[in-house]
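Colleague: next one to model:
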Amino acid sequence: MWRAALAATCGSALVGVMPLFALHLYAAGIAAPSMLFWRYGMALCLMGGLAAVLRLDLKREWRDGGWRIALVGMSLGAAQTLCFWKSIETLETSVAVLLFYTYPAVTLVIDRLVFKHPIRPVALACVAVILFGAALITAPGLQAGALDPRGLAWALPSPLFYSLYLAFNARLLRQHSPLLGAGFLYIGMGLTFAVAAAVTGLDVPANWQTWLLLVLVAVGPSALTTTLFSYAVPRLGASSYAIVANVELVTVVSIGILVLGETVTANRIAGASLVITGIVTHALSRRGASAGLQPARSSRSGAWKMNAT
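Modeller: A predicted model of the protein is given here:
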């Protein structure tokens, strides 16, 4: 379990740099659909080349359920991604982040109501602490920024789409290696944004600096992050991954302070501390409850299925 938690932590930290990249790409004239098309297209080429070197049987894996993962990427994956990145075009980033980070609570609700998983009180408490920490971090932006109706319309459905995305992937990715699972997700998302770019028009970078930024996005917060995601989600479960992944928010705050020169405030320090406290408390509670877990080893992937959240 510690390997899965470490993978989730590292992947989420990489995603935390993505807002910084996205703002630079927007300033360079690359709109959200085009940015996402280049991001997934480049990452897919990288993962496809690595799969060929490793001689992975893509056709067999596709027939054995890979197409289902691609379908989830094409629908829920593309929807949650587009909603978030479109929202920060017109909405204060802090508002969009706070709305998006309600997804751990939504994931718990889905696990309980749809999949009938028991939810431990400590998990609810950790989610509440993390959400309060997120509110403290984003409070200055909430007070300073107006709620743009267009941005709000994009932001509101994003946590629901992402929670469903986690729930389905926690089950579907168990049967495939992390690299192939990530590749199938990107096939689906790449197809969706290829259509979107064809309809809205494809923005092409005008200089090598923008191309380099897109390559960095494709390698780090895309190919590597999604491979780590595909490893961690089926082992941790949707709800536990949703809690650990809040490391992303701490990364965003750290970049704001260390790179962008944002002011260190008591609210931000307290909020980041609460987020970390919620994540660590949940991890320790999972370790303490390990005796009550029922591991069942998958016949193909070796993934562990946990019967507690």
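
Colleague: distance between stretch 100-108 and the chain's centre?
Modeller: Relative to the chain's own centre, stretch 100-108 is displaced by 12 Å; criterion: C-alpha atoms, centre = their mean, to the nearest Å.

Colleague: what does it rub up against?
Modeller: Here stretch 100-108 makes contact (C-beta atoms under 8 Å, 6 or more residues apart in numbering) with 84, 119, 123-124, 127, 130-131, 134, 155, 158-160, 162-163, 166-167, 238-239, 242-243, 246, 249, 309. Backbone N, C-alpha and C define where each C-beta goes, glycine included.

Colleague: can we see that at 7 Å?
Modeller: Defining contact as C-beta atoms under 7 Å, 6 or more residues apart in numbering, one finds that stretch 100-108 is touched by 84, 119, 123-124, 127, 130-131, 134, 155, 158-160, 162-163, 166-167, 238-239, 242-243, 246, 249.

Colleague: sort out which of those are buried, if you could.
Modeller: 84, 123, 127, 130-131, 134, 155, 158-160, 162-163, 166-167, 238-239, 242-243, 246, 249 (16 or more other C-beta atoms under 10 Å).

Colleague: mind listing the helices for the stretch 101-250 of the chain?
Modeller: In the stretch 101-250 of the chain, the helices defined using DSSP state H, counting those that start in this stretch lie at 103-113, 121-144, 149-155, 158-172, 178-200, 208-218, 225-236, 238-244, 247-258.

Colleague: roughly how far is the fourth one from the heart of the chain?
Modeller: In terms of C-alpha atoms, centre = their mean, the centre of helix 158-172 is set 10 Å apart from its chain centre.

Colleague: quick one: distance of the helix or strand harbouring residue 96 to the chain centre.
Modeller: Assigned by DSSP states H and E, residue 96 belongs to helix 93-100. Centroid separation between helix 93-100 and its chain, computed with C-alpha atoms, centre = their mean, is 14 Å.

Colleague: repeat for stretch 193-210
Modeller: 22 Å.

Colleague: residue 83 contacts residue 161, correct?
Modeller: Yes: in this structure, residue 83 is within contact of residue 161 by C-beta atoms under 7 Å, at 6.4 Å.

Colleague: which outside residues touch stretch 41-57?
Modeller: 58, 179-180, 182-183, 186-187, 190, 214-215, 218-219, 222-223.

Colleague: okay if I get these as a markdown table plus distance to residue 37?
Modeller: Output for the contacts of stretch 41-57, formatted as a markdown table (distance: C-beta to C-beta, whole Å):
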| residue | distance to residue 37 |
| --- | --- |
| 58 | 22 |
| 179 | 22 |
| 180 | 22 |
| 182 | 17 |
| 183 | 17 |
| 186 | 11 |
| 187 | 13 |
| 190 | 7 |
| 214 | 10 |
| 215 | 14 |
| 218 | 11 |
| 219 | 16 |
| 222 | 12 |
| 223 | 15 |
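
Colleague: please report which of the residues you listed has the highest neighbour count.
Modeller: residue 183 (31 neighbours; other C-beta atoms under 10 Å).

Colleague: now for that residue: which residues touch it?
Modeller: Counting by C-beta under 7 Å, 6+ apart, residue 183 makes contact with 44, 47-48, 51.

Colleague: if we can go back for a sec, mean pLDDT added to the helices of the stretch 101-250 of the chain, as JSON lines?
Modeller: Listed next are the helices of the stretch 101-250 of the chain as JSON lines, based on pLDDT from 0 to 100:
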{"stretch": "helix 103-113", "mean pLDDT": "84"}
{"stretch": "helix 121-144", "mean pLDDT": "75"}
{"stretch": "helix 149-155", "mean pLDDT": "81"}
{"stretch": "helix 158-172", "mean pLDDT": "91"}
{"stretch": "helix 178-200", "mean pLDDT": "92"}
{"stretch": "helix 208-218", "mean pLDDT": "93"}
{"stretch": "helix 225-236", "mean pLDDT": "92"}
{"stretch": "helix 238-244", "mean pLDDT": "84"}
{"stretch": "helix 247-258", "mean pLDDT": "73"}
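
Colleague: please identify the most buried of the ones you listed.
Modeller: helix 238-244 (a mean of 27; mean count of other C-beta atoms under 10 Å).

Colleague: helices or strands up against that helix?
Modeller: Packed against helix 238-244 by the contact rule (3 or more C-beta pairs under 7 Å, 6 or more residues apart in numbering; DSSP states H and E) you find helix 2-15, helix 103-113, helix 121-144, helix 158-172, helix 225-236, helix 266-288.
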